[in-house]
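# Just the structure for this:
(2 chains)
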Number of protein chains: 2
Amino acid sequence: MPLTADPERLADEAFAGNRRALARLITLVEEDRPGAGGVLAAAHERRRGAYRVGITGAPGAGKSTLTDRLIAALRERGEEVAVLAVDPSSPFSGGAVLGDRVRMQDHASDRGVYIRSMASRGHLGGLSAAVPKVLALLDAAGFPMIVVETVGVGQDEVEIVEAADTTVVVVVPGWGDGIQAAKAGILEIGDLFVVNKADRLGVAEAVADLRAMIEMGGDRPWQAPILTTVAAKGAGVLEFLRELERHRSHLEEDGGLDERRRRRRRGELAAALRAAAARRAAELYDSPEQIDLVSLVESGEIDPWSAAERLLAG
Amino acid sequence: MPLTADPERLADEAFAGNRRALARLITLVEEDRPGAGGVLAAAHERRRGAYRVGITGAPGAGKSTLTDRLIAALRERGEEVAVLAVDPSSPFSGGAVLGDRVRMQDHASDRGVYIRSMASRGHLGGLSAAVPKVLALLDAAGFPMIVVETVGVGQDEVEIVEAADTTVVVVVPGWGDGIQAAKAGILEIGDLFVVNKADRLGVAEAVADLRAMIEMGGDRPWQAPILTTVAAKGAGVLEFLRELERHRSHLEEDGGLDERRRRRRRGELAAALRAAAARRAAELYDSPEQIDLVSLVESGEIDPWSAAERLLAG
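Below you'll find the predicted structure:
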């Protein structure tokens, strides 16, 4: 039976558990097609408060493998999980098209797992505007846990993982000296640190470096634990899941979860405003009456900043 | 003698070679303080067409060391050079504050070298809006070559290096298999590839991987060369400079340079429009009459996307 093209009915089907409808619904919202606003409002109505785990780290740290093992551990308990893999350097969005996702094919036939990839390009207003929308759909579709996995370098990507309930930072042994660490920046946002590929040399140093940096942050209600894993062999994954849950309990008990989520919604509003403004900018740029000004900028006769002021002044 | 606070006079001093004035002028423009528009227009008037080299690659690839050696090679010939180091993960902008810049202290007392760091955070409209402004100032200040160095992962950063006249992609041996390579995306934009740390194992494989990928792109007027360097020891740096210049000559001779620069100015206009629109979004978000709507979003009573629509509708 073909899927309906009506956004409202598509949303009903997706939120009732139809995975194909969910995939189409996400595309509809990602591309901001007609009806997207209504779908998001409906998803908000149907929200169930999924727990969001952000996983970040440099390319090659093994985030995908760790996520893969986390999925397997959750599935053994019968829990459903959705994964949103954000790849800022890929030109592709959609199903499991990213390279790393190849390893997740094991879960492809399991309808308790939903994996979606998302790329940076083509999202007006940036990923930080688009990702929360997709997360709202996955929440309404009933997944009790959503993992957002991203390469943690750009501003957008940091904002995305920062908006998770629990943020996991994955590093590997030999990931660099103090200078590199200070550069990383993402360290400030970790609730949990994982030294993956811990069968390599330099694990103790990596752990000690992380500990020193965490301690520089002083006394806090939550001291971020440092775990070691060999995700490729499944080692340390259950401990990882246990620590995730310990952080969750901590947030739920001291009320930090509510505050995080309030802050997140505020961030989502700011991102939504930015995206709407970016759309307006794109419209201005493409408007036919402005073509002359654009060619003056191209030829260097007028500087782009003065031209932008003129365009905005109408 | 204290520097003037008048933007116009500050610009005159900076463009006449006063480095302290230049530093202050850049800050003024970065922070979009009053007079910034006029300064940019003046810089545009005084433009000299500096050659822009973009250097990108993953963290730890040795971009800073390579840049450092490139500076030294240019200085030996008596050529002046400016470096703009863009670090999307750092919360700091300003002078040589970034970790990697520690290594560049050798050049700190040489007024033929100007090094400036720039961070992502706090730039409304993204780095892709702010970087071209700083480059315009460095151009007007008379540097014949400007190196823009950035971690090439986020969309902003890719846009920045893409806007250079020559784009250099730095990798290291063992940088990953085909899957990682396809993920990288930045490969499409390289005019020159450097396999740095070429005293490690896996150089031949890295070169072969790159070559295979470049060849997949088919016949092109410019076949991107693949160089090997050990920047930390200075090995291969002169060859690197030679290939940079060969690419420059290629662009100058076949007219590609003009087309690149036209495209770049178009991109700068689009970024300027986005930045102006983002400022508008921030104003909306901060406007006192909207506080009520923000708290409704925080508490989850209304979804952020509907709220954004309402705010924009006024």
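
# What helix or strand is the nearest residue to A:Leu312 once chain neighbours are set aside located in?
Sequence neighbours aside, B:Ala276 is the residue nearest to A:Leu312 in space, at 5.3 Å (criterion: Cβ to Cβ, 6 or more residues apart in numbering or on different chains). Bear in mind the C-beta positions are built from the backbone N, C-alpha and C, glycine included. Using DSSP states H and E, B:Ala276 falls within helix B:256-286.

# How far off centre is that helix?
The chain centroid and the centroid of helix B:256-286 are separated by 15 Å under Cα atoms, centre = their mean, to the nearest Å.

# ditto for stretch A:66-83
The mean C-alpha position of stretch A:66-83 is separated from the chain mean by 17 Å, Cα atoms, centre = their mean.

# measure A:Ala235 to chain B for me?
From A:Ala235 over to chain B the distance is 22 Å, taken as Cβ to the nearest Cβ, to the nearest Å.

# doesn't A:Asn196 make contact with that residue?
No - using Cβ atoms under 8 Å, A:Ala235 is not in contact with A:Asn196; the gap is 9.8 Å.

# where do the contact lists of the two overlap?
The overlap between the contact sets of A:Ala235 and A:Asn196 (Cβ atoms under 8 Å, 6 or more residues apart in numbering or on different chains) consists of A:Thr229.

# Would you verify that A:Val83 is located in a strand?
Yes - counting by DSSP: H, G, I helix; E, B strand; the rest coil, A:Val83 is found in a strand.

# neighbour count winner among A:Ala235 and A:Asn196?
When A:Ala235 and A:Asn196 are compared on other Cβ atoms under 10 Å in any protein chain shown, the one with more neighbours turns out to be A:Asn196, at 28 against 16.

# per-residue confidence at that one?
If you check A:Asn196, the pLDDT there is 94.

# Also A:Val134?
Confidence at A:Val134, expressed as pLDDT, is 95.

# what do you get for A:Glu259?
Residue-level confidence at A:Glu259 comes out at 89, pLDDT.

# mind checking how far stretch A:75-87 is from the chain centre?
Taking Cα atoms, centre = their mean, one finds the center of stretch A:75-87 at 13 Å from the center of the full chain.

# ok, it near chain B or not?
Yes - contact of stretch A:75-87 with chain B is found when judged by Cβ under 8 Å from any Cβ of the partner chain, involving A:Asp87.

# quick one: buried residues of that stretch?
By neighbour count on 16 or more other Cβ atoms under 10 Å in any protein chain shown, the buried set for stretch A:75-87 is A:Arg75, A:Glu80, A:Val81, A:Ala82, A:Val83, A:Leu84, A:Ala85, A:Val86, A:Asp87.

# just the angle between the helix holding B:Ala276 and helix A:256-286, please?
Inter-element angle recorded for helix B:256-286 and helix A:256-286: 130 degrees (by axes from the mean of the first three to the mean of the last three Cα atoms, to 10 degrees).

# domain assignment for chain A?
Per the record's domain assignment (automatic domain parsing), chain A is made up of the domains A:1-45, A:47-254, A:271-313.

# quick one: which of those is nearest B:Arg69?
Put simply, out of the domains of chain A the one that sits nearest B:Arg69 is domain A:47-254, at 17.6 Å, with distance taken as Cβ to Cβ.

# Just checking the distance from the closest one to the centre of its chain.
For domain A:47-254, the distance from its own C-alpha centre to the chain's C-alpha centre is 8 Å (Cα atoms, centre = their mean).

# Tell me the pLDDT of A:Val168.
At A:Val168, the predicted lDDT confidence score is 93.

# elements contacting the host helix or strand of it?
Taking DSSP H and E as the definition, one finds A:Val168 inside strand A:166-171. Other helices and strands packing on strand A:166-171, by 3 or more Cβ pairs under 8 Å, 6 or more residues apart in numbering or on different chains; DSSP states H and E, are strand A:51-57, strand A:192-195, helix A:237-254.

# closest one to chain B among the ones you listed?
Each of the helices and strands packed on strand A:166-171 was scored for nearness to chain B using Cβ to the nearest Cβ, and the closest is strand A:51-57 (10.7 Å).

# Tell me which helix or strand comes right after the closest one.
Reading on from strand A:51-57 to the C-terminus, the next helix or strand found by DSSP H and E is helix A:63-76.

# Tell me if I'm right that the residue nearest to A:Leu312 and A:Ala307 touch.
No - in terms of Cβ under 8 Å, B:Ala276 does not count as a neighbour of A:Ala307; the distance is 10.8 Å.

# coming back round to it: B:Ile291 is nearest to which of the domains of chain A?
Distances from B:Ile291 to each of these were compared by Cβ to Cβ, and the smallest falls on domain A:271-313, at 14.2 Å.

# What average pLDDT does the closest one get?
Mean predicted lDDT for domain A:271-313 stands at 81.

# what does stretch A:84-95 give?
pLDDT averaged over stretch A:84-95 equals 60, rounded to a whole number.

# coming back round to it: buried residues, the helix holding B:Ala276. List them.
For helix B:256-286, the neighbour count (16+ other Cβ under 10 Å) marks B:256-257, B:260-261, B:264-278, B:280-282, B:284-285 as buried.

# go on, stretch A:134-149?
Buried residues in stretch A:134-149, defined by neighbour count with 16+ other Cβ under 10 Å: A:134-143, A:145-149.
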